[in-house]
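Chemist: Fold the following.
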Amino acid sequence: MKKRMSPTNVIIFGFLAIILVGTLLLVMPFSSSSGEFTDPITALFTATSATCVTGLITVDTGVYWSELGKGVILLLIQIGGLGFMSLAMLFSTLLRRRVSPRAQFLFTQSMNLDPYSDLASFAHRITAFALSAEGIGAVLLSFRFVPRFGFLRGITYGIFHSVSAFCNAGFDIMGAELGEFSSIAAFADDTYVNFVLIALILSGGTGFLVWDDIRRLLTEKKKMSFYSKTVLAFTAVLVLGGAAVIAACEWNNPATLGDGSAWTKILRSLFQSVTLRTAGFAAIDQNALTEGSKLFSMLLMFIGGNSGSTAGGIKVGTLIIVLASTVSIIRGSRDTVFRRRRIDNDTVRRAFALFVIGIVIVALCGFVLSKTESVPLSSAYYEVFSAFGTVGITVGITPSLSLFGRALIICLMFFGRIGITSVMYAILVRTNRERVDIGYPILVLPVG
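Modeler: Numbers count the residues shown, from 1 in each chain. As a prediction, the model looks like this:
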């Protein structure tokens, strides 16, 4: 009797299969604007970045890829953003096929969610919300892009950037019109475009579970859950606080904010704070940021968005648990208490494990990348934090990475999108596995 793959392996191999198919399609001559075969490493890097909704690129998306190639990238972004298990659940229910308990469990794992009642219906709502948000965003962006780029191209640009923004992917196709690797710098002072993109990025990064809570609040008058209210509050603090810190550090820097009016400085700071939460669009030159801004940007990239969203990072919920546990330890409390609620010790241990694993991986990879690519530590760590947090923002070293450097970033992007969920699941299983506890002697070590 064949042994079934664990849910973790199903998720990992599922995403690997999608990346492989995407790579094979992007290698083909019909995917490049030149009509020639694409280097397999370039195709693999692009397919991984799109599927893991990161946005780091070695060739400009708008210039290098053909219209069909851009379509492949957009499809990979959509699959990676929603999660292939969400789409599998949706198609199963549309075809009136029974969704097995195993498939439902895989869905909760792929979305990094707790078990949820009526998961098939939830998958429908996820897809409907995502497509609706992307559709509205595409229409709103087209109002600005059509007058500038023409009707057909403007519509295409509106759709592509709306999907990319909602999925927190950071891919853009502005290079063909505004210069290679320009991202959305040409719209840095455009209030309309900025706020449409901000709304899309925050919608995708907030989390489908939170949005479902908001839906029930509006339609069924049910109170929002403690989790939803907490992550929304922390999201607001991170976005507004991040904008304030960036503005303070860059206010007089002529290469980033200093050349604009007071309003444009505020606008650029706000967009930078939002895009660092794994969106990846660059409105200002990241390499021109002050060291203080770069350090703070890395922190925001490491945190990322909320669980069950299109965003990456360790997630806001993990940060809340780590901070609450630290405060409880300082206060001398045995239990981790947050807003008069006790957090389960196993949950605290998993959060700390994830936090430490993330720090260790980023620290080691940043050091290695700095040595192999002969770039400053700050530039290497910026790239590594961006890949791990599936952000996609860069100081400009991605196109010049060596084969080893590209392989390292590919692994980081994959782990940032897939590995975190897998690590959480593995820890959960090992923690809850029934075993006989052995009474070892107590070891006392000095701390501090």
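
Chemist: what pLDDT, on average, does the strand or helix carrying residue 269 get?
Modeler: According to DSSP states H and E, residue 269 maps onto helix 262-275. Averaging pLDDT along helix 262-275 gives 95.

Chemist: helices and strands around that helix, which ones?
Modeler: Contact here means 3 or more Cβ pairs under 8 Å, 6 or more residues apart in numbering; DSSP states H and E; on that basis helix 262-275 packs against helix 191-206, helix 226-250. Heads up, the C-betas are built off the backbone N, CA and C, glycines and all.

Chemist: Low-confidence ranges, the protein, go.
Modeler: For the chain, applying pLDDT under 70 flags the ranges 1-8, 83-120, 308, 419-448.

Chemist: Let's see that with 80 instead.
Modeler: Residue ranges of the chain with pLDDT under 80: 1-12, 82-124, 177, 207-209, 221, 306-312, 340, 418-448.

Chemist: show me where it has strands.
Modeler: 336-338, 341-343 (DSSP state E).

Chemist: Could you work out which of the ones you listed reaches nearest to residue 191?
Modeler: Shortest distance between residue 191 and the strands of the chain, using Cβ to Cβ, is found for strand 336-338: 36.9 Å.

Chemist: Run me through the strand neighbours of the closest one, direction for each.
Modeler: Strand pairing for strand 336-338, using DSSP bridges, gives strand 341-343 (antiparallel).

Chemist: Tell me the buried residues in the partner strand?
Modeler: The neighbour-count check on strand 341-343 (16 or more other Cβ atoms under 10 Å) flags residue 343 as buried.

Chemist: what's that strand in contact with?
Modeler: Outside strand 341-343, the residues within contact range by Cβ atoms under 8 Å, 6 or more residues apart in numbering are 226, 321, 324-325, 335-337.

Chemist: again, only using 6 Å
Modeler: Here strand 341-343 makes contact (Cβ atoms under 6 Å, 6 or more residues apart in numbering) with 321, 335-336.

Chemist: Reformat the helices and strands packed on helix 262-275 into TSV and put mean neighbour count next to each item.
Modeler: Formatted as TSV, the helices and strands packed on helix 262-275 follow (neighbours: other Cβ atoms under 10 Å):
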stretch	mean neighbour count
helix 191-206	22
helix 226-250	17
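
Chemist: In CSV, list the ones you listed along with distance to residue 285.
Modeler: Output for the helices and strands packed on helix 262-275, formatted as CSV (distance: least, Cβ to Cβ, whole Å):
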stretch, distance to residue 285
helix 191-206, 17
helix 226-250, 11
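
Chemist: quick one on the thing from earlier: save the strands of the chain as a markdown table, and put in distance to residue 267 too.
Modeler: Output for the strands of the chain, formatted as a markdown table (distance: least, Cβ to Cβ, whole Å):
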| stretch | distance to residue 267 |
| --- | --- |
| strand 336-338 | 34 |
| strand 341-343 | 37 |
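
Chemist: out of those, nearest to residue 235?
Modeler: strand 336-338 (16.1 Å).

Chemist: can you pull the buried residues of the closest one?
Modeler: 336, 338.

Chemist: so how far is that strand from its chain's centroid?
Modeler: 27 Å (Cα atoms, centre = their mean, to the nearest Å).

Chemist: Could you identify the longest helix within the protein?
Modeler: helix 119-149 (DSSP state H).

Chemist: In contact with the closest residue to residue 272 other than its chain neighbours, which residues are there?
Modeler: Spatial nearest neighbour of residue 272, excluding adjacent residues (Cβ to Cβ, 6 or more residues apart in numbering): residue 246 at 5.2 Å. Shown in contact with residue 246 (Cβ under 6 Å, 6+ apart): 269, 272-273, 293.

Chemist: Kindly reformat these as TSV containing neighbour count and distance to residue 20.
Modeler: Listed next are the contacts of residue 246 as TSV, based on neighbours: other Cβ atoms under 10 Å; distance: Cβ to Cβ, whole Å:
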residue	neighbour count	distance to residue 20
269	25	40
272	27	34
273	23	35
293	23	38
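
Chemist: Many thanks, we can stop here.
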